[in-house]
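Novice: what's the 3D shape of this:
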Amino acid sequence: MSIYVGNLSYEVKEDDLKQVFSEYGTVKKVQLPVDRETGRMRGFGFVEMETETEEAAAIEALDSAEWMGRSLKVNKAKPKTDGGSYGGGRRGNTGGGYSRY
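Specialist: Numbers count the residues shown, from 1 in each chain. Okay, here's the model as predicted:
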């Protein structure tokens, strides 16, 4: 299980996040996704802690907390879902808007 951390400053580094969450237990992993096109941090991250008890304590303490000038959004990360469309395409529309008849 992971913790989702949203509304992060774009200046945050993995070590910064690890230090904050370490106050609530052992941090196993920190991920800060970056935008593929710009290489800039996307403003959210994920933290994995040693136990669910530690994760729950961190979530309770840090959700809505002010950090680096921002109000954090901290909760259990939702599992990534497969499927779904990423835009584009015309499903079921094969006529192109024209009629032969």
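Novice: Just give the closest residue to Asp16, not the sequence neighbours.
Specialist: Once flanking residues are discounted, Asp16 sits nearest to Met68: 7.9 Å by Cβ to Cβ, 6 or more residues apart in numbering. C-beta: built from backbone N, CA, C; applies to glycine.
Novice: low pLDDT regions in the chain?
Specialist: 82-101 (pLDDT under 70).
Novice: how about the strands of it, start to end?
Specialist: Assigned by DSSP state E, the strands in the chain fall at 3-6, 27-31, 44-49, 66-67, 70-71, 73-76.
Novice: just to revisit the earlier point, shouldn't the residue nearest to Asp16 be in contact with Tyr10?
Specialist: No. Using Cβ atoms under 8 Å, Met68 is not in contact with Tyr10, being 9.7 Å away.
Novice: give the contact list for the residue nearest to Asp16.
Specialist: Residues in contact with Met68 (Cβ atoms under 8 Å, 6 or more residues apart in numbering) are Leu8, Ser9, Glu11, Val12, Asp16.
Novice: what sits against the third one?
Specialist: Pointing back at Glu11 there. Met68.
Novice: swap the cut-off to 10 Å and go again
Specialist: Glu11 is in contact with Met41, Met68, Gly69, counting by Cβ atoms under 10 Å, 6 or more residues apart in numbering.
Novice: Skip the chain neighbours and tell me the closest residue to Glu48.
Specialist: Using Cβ to Cβ, 6+ apart, the nearest residue to Glu48 is Lys29, at 4.2 Å.
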